[in-house]
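**Student:** Sharing a model prediction with you, sequence too.
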There are 2 protein chains.
Amino acid sequence: MTTSPIADAKPIRTAGITAARGFRAAGLAAGIKASGAPDLALVVNEGPIDSAAAVFTTNKVKAAPVLWSQQAVADGRLRAVVLNSGGANACTGPEGFQDTHATAEKVAAVLEISAVDVAVCSTGLIGERLPMAQLLSGVDSAAAALDGTGQAGLDAATAVLTTDSKPKQSALTHPDGWSVGGFAKGAGMLAPNMATMLSVLTTDAQIEPAALAEHLRAVTKLTYDRLDVDGSTSTNDTVLLLASGSSGVSPDPAEFVRVLTAVCGDLVKQLQGDAEGVTKEVSVTVQGAASEQDAVTVARVVARDSLVKTAFFGSDPNWGRIVMAVGNAQAQVDPDRLDVAVNGVLLCQAGTRAADRDGADLSGRDIQVVIDLHLGEAAATVLTTDLSHDYVEENSAYSS
Amino acid sequence: MTTSPIADAKPIRTAGITAARGFRAAGLAAGIKASGAPDLALVVNEGPIDSAAAVFTTNKVKAAPVLWSQQAVADGRLRAVVLNSGGANACTGPEGFQDTHATAEKVAAVLEISAVDVAVCSTGLIGERLPMAQLLSGVDSAAAALDGTGQAGLDAATAVLTTDSKPKQSALTHPDGWSVGGFAKGAGMLAPNMATMLSVLTTDAQIEPAALAEHLRAVTKLTYDRLDVDGSTSTNDTVLLLASGSSGVSPDPAEFVRVLTAVCGDLVKQLQGDAEGVTKEVSVTVQGAASEQDAVTVARVVARDSLVKTAFFGSDPNWGRIVMAVGNAQAQVDPDRLDVAVNGVLLCQAGTRAADRDGADLSGRDIQVVIDLHLGEAAATVLTTDLSHDYVEENSAYSS
């Protein structure tokens, strides 16, 4: 068995989309947000190739930019991505779709490319039209500011933020001379199959569209799809992966998936750590499941349960609520075989109390829940947070 | 079309299980709760008949008293119900089941009946054994205190409370001379298919077990099953319906269902109004659905969504979050036909903004959401609450 040269490599967070060669980026305040905070980002793939892949929200209600970008990426090619915060452009009808179309046309005109090679992403309040004059004029400014520096990548990562407290970047370079970089935003409405989450990933590896799509789907399934903050899947979730090929290297597919997984996993950890009102970072691992689907289902039900999450907020190793949640999952479960360990202490064995709950120390920020169903070999981990006063505060005050 | 003589009758809340003749009850502090609050209730059906029906939790993890009572009621006959708060006797293994069995045997011995005619209900913390000495000695005291007065019914309704702030009773008498009475408890872990909810219903109508079971299932499906406070279905949920026949009247089945629905609906409204941390009583109605199942599914997803519920806590008519939740439902939904009205104001029409959100006044305690899918004729309403600071506080501090 060959050891991967990047098996133990950790991505860095001081670089992002411009860590991959062949990309330029910009981020600035276009006046979409009343606050004057940065709200417009542009990412351009300068080639030589323009392979692209994407994964979109599973919500039946899809924002205009999602409907547009699905079409734009259908041929596996993108030259640019324009992203705005300050408005989701969702539930805005045909006019909202026209706004997205006009945005893509504007980017195409400024960059002298085709509009169908421009993806559009939006995030913010649902149901409001975007201030198009500011947005279109912002595209001019962003195009003028495009740069391949780390700062330009950070500017783009910053301009997409909503309730996030900080930008989230990650990058990893393979010894063979190619890199993957990316940014992500999202702090609430975070749930399976994408979350109110926008992420742009870049690579200078040489990869054809079909392979790129296959790799992205495989990796998001194990990373973005396994973060569940509040069970709500948004109307706008989008993950884009662009390949410039400028390294000249066609990587081993397994190595590429490994690097992409490391970068996406690192971005997901940052999303979890910056989720709205988070005071605990919780991982729920289900092992011994009859199938991976069962493992994911059980982990997700536990990760979503309000009573489990409020107990964690109170640093309470309340395994009874965990068992209750497991019993509600649409999965194969035998109550009499169920083990539950919290932060390394086996609190429930074979469905009954195994140790005093006070033995598990939940005073720190990290909480690991391990549930063994003893029914098979499959396992899965879902990441979540606690349900805190600040979550309630932020979401009762902020219109999103 | 005949008008029912009780079509507009409202149940009263000053009477409960002893409103039906042929029942005696008691409730007292047996020392199960460390606080010294009432924690043991006994209900006895003195006949002449002993028909009984029950509906239990759908959670795969069932508490010992649920496993016992399922067997006890299997023949459609019960003579007594013993209930305790202060401990759920769930996840307590074979020893916990022995404790339930011993409790039923004790009641049987004291009342000189058979243990298989005694149902047992428990509520409280999961995973702890019950203090059996106190419980069994409490059964003696309860049997000695049995009475048919309204006060005795209220004592029983009080002894089952956990985080509830007050007892919940309801009763309605039909002009034909028979009554239905009942109590319910439950303030958190309230969700479809029962909730951490115990309810005992009584009637002095003459009804055979098979019909009783059919009526109970039909009514709980439209009442208890349509309350969803936090999406968590407990290990102990039980609804019992006992018929003494002491009125000598065999009611028209439709009339019986009508009265039982009125009483159960009234108890559910009380559960909603006393839910943990509630500041808003929310009803989510979905109409124009392709099927009733779709209507219930969509209403439930909206009623469970943490972002919708925190918005309501903030008195924010955030229809965008409602539409987002609708789009996440596993049901037939056309985003372009979706109407959403909140407190009578149509905020979203055909999937886009219809009126300024500030037009909907959510400052009061009641919030009505009406979602029209425009896909069919089916409709359903699910009741829920907001997600408030007090919900978080109560559930992070209270071990249940």
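**Tutor:** Thanks, I have the structure now.

**Student:** from here on, contacts and neighbour counts on C-alpha atoms
**Tutor:** Will do.

**Student:** Okay, angle between the helix or strand of chain A with the lowest mean pLDDT and helix B:389-397 too, please.
**Tutor:** The helix or strand of chain A with the lowest confidence, counting by mean pLDDT, DSSP states H and E, is helix A:389-397 at a mean of 75. In terms of direction (axes from the mean of the first three to the mean of the last three Cα atoms, to 10 degrees), helix A:389-397 departs from helix B:389-397 by 160 degrees.

**Student:** For helix A:389-397, list every residue counted as buried.
**Tutor:** Judged by neighbour count using 16 or more other Cα atoms under 10 Å in any protein chain shown, the buried positions of helix A:389-397 are A:389, A:391-396.

**Student:** Export stretch A:353-360 to CSV, keeping only CA atoms.
**Tutor:** Output for stretch A:353-360, consisting of C-alpha atoms alone and laid out as CSV, is shown next (Å, rounded to 0.1, in the frame of the first residue of the first chain):
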residue,chain,number,x,y,z
ARG,A,353,-27.1,3.4,32.3
ALA,A,354,-23.4,2.4,32.4
ALA,A,355,-21.8,5.2,34.4
ASP,A,356,-22.7,8.2,36.3
ARG,A,357,-23.4,11.0,33.9
ASP,A,358,-21.3,13.4,35.9
GLY,A,359,-18.3,11.4,34.8
ALA,A,360,-18.4,13.0,31.4
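
**Student:** is any part of that stretch close to chain B?
**Tutor:** Yes - Stretch A:353-360 comes into contact with chain B when judged by Cα under 8 Å from any Cα of the partner chain, the residues involved being residue A:353.

**Student:** for stretch A:322-336, same thing?
**Tutor:** Yes - Stretch A:322-336 reaches chain B (Cα under 8 Å from any Cα) through A:323-328, A:333-336.

**Student:** Doesn't residue A:382 lie inside a strand?
**Tutor:** Yes - with DSSP: H, G, I helix; E, B strand; the rest coil as the criterion, residue A:382 is assigned to a strand.

**Student:** Listing partners with orientation, what would you give for the helix or strand hosting residue A:119?
**Tutor:** Under the assignment given by DSSP states H and E, the secondary-structure element containing residue A:119 is strand A:118-122. Paired with strand A:118-122 in the same sheet, following DSSP bridges, are strand A:80-84 (parallel).

**Student:** Near chain B, which residues of the stretch 301-400 of chain A? Just list them.
**Tutor:** In this structure, the stretch 301-400 of chain A approaches chain B at residues A:305-307, A:310-316, A:318, A:320-321, A:323-328, A:333-336, A:351-353, A:387-389, A:392-393, A:395-397, A:399-400, judged by Cα under 8 Å from any Cα.

**Student:** In strands, which of those residues appear?
**Tutor:** Mapping those onto strands (DSSP state E) picks out A:352-353.

**Student:** just the buried members of the residues of the stretch 301-400 of chain A next to chain B?
**Tutor:** In terms of neighbour count (16+ other Cα under 10 Å), the buried residues within those are A:305-307, A:310-316, A:318, A:320-321, A:323-328, A:333-335, A:351-353, A:387-389, A:392-393, A:395-396, A:399-400.

**Student:** Quick one: end-to-end length of stretch A:223-240, please.
**Tutor:** Stretch A:223-240 stretches 14 Å from its first residue to its last (Cα to Cα, to the nearest Å).

**Student:** remind me which residues of the stretch 1-150 of chain A are low pLDDT?
**Tutor:** When the per-residue scores of the stretch 1-150 of chain A are filtered using pLDDT under 70, the ranges that remain are A:1-2.

**Student:** So chain A: which segments form each domain?
**Tutor:** Using automatic domain parsing, the domains assigned to chain A come out as A:17-271, A:281-397.

**Student:** can you redo the ones you listed as TSV with distance to residue B:202?
**Tutor:** Shown next, in TSV, are the domains of chain A (distance: least, Cα to Cα, whole Å):
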stretch	distance to residue B:202
domain A:17-271	39
domain A:281-397	29
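
**Student:** Can I get the least confident helix or strand of chain A as PDB, trimmed to CA atoms?
**Tutor:** What follows is helix A:389-397 as a C-alpha-only set of coordinates in PDB (Å, rounded to 0.1, in the frame of the first residue of the first chain):
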ATOM      1  CA  HIS A 389     -29.300  31.800  23.900                       C
ATOM      2  CA  ASP A 390     -27.200  33.600  21.200                       C
ATOM      3  CA  TYR A 391     -28.700  31.400  18.500                       C
ATOM      4  CA  VAL A 392     -32.100  32.500  19.600                       C
ATOM      5  CA  GLU A 393     -31.000  36.100  19.900                       C
ATOM      6  CA  GLU A 394     -29.300  36.300  16.600                       C
ATOM      7  CA  ASN A 395     -32.100  34.600  14.700                       C
ATOM      8  CA  SER A 396     -35.000  36.400  16.300                       C
ATOM      9  CA  ALA A 397     -33.300  39.800  15.600                       C
END
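
**Student:** hmm, who's touching that helix?
**Tutor:** Counting by Cα atoms under 8 Å, 6 or more residues apart in numbering or on different chains, the neighbours of helix A:389-397 from elsewhere in the structure are A:276-278, B:307, B:310-316, B:387-389, B:392-393.

**Student:** Check the offset of it from the chain's centre.
**Tutor:** Its chain's C-alpha centre lies 21 Å from the corresponding centre of helix A:389-397 when counted by Cα atoms, centre = their mean, to the nearest Å.

**Student:** And for stretch A:303-320?
**Tutor:** With Cα atoms, centre = their mean as the basis, the distance from the averaged C-alpha position of stretch A:303-320 to the chain average is 24 Å.

**Student:** what's the average pLDDT for it?
**Tutor:** Averaging the model's pLDDT scores along stretch A:303-320 yields 89.

**Student:** do stretch A:356-369 as well
**Tutor:** When pLDDT is averaged over stretch A:356-369, the result is 91.

**Student:** on that earlier part again, which among the contacts of helix A:389-397 gets closest to residue B:243?
**Tutor:** Nearest to residue B:243, judged by Cα to Cα, of those is residue B:387 at 38.2 Å.

**Student:** Spit out the contact partners of the closest one.
**Tutor:** With the criterion set at Cα under 8 Å, 6+ apart, residue B:387 makes contact with A:392, B:277-278, B:306, B:309-310, B:312-313.

**Student:** What of residue A:30?
**Tutor:** The neighbours of residue A:30, taking Cα under 8 Å, 6+ apart as the test, are A:36, A:38-40, A:134-135, A:137-138.

**Student:** Buried subset of these, written for PyMOL?
**Tutor:** Buried subset of the contacts of residue A:30, written as a PyMOL selection, criterion 16+ other Cα under 10 Å:
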select buried, chain A and resi 38+39+40+135+138
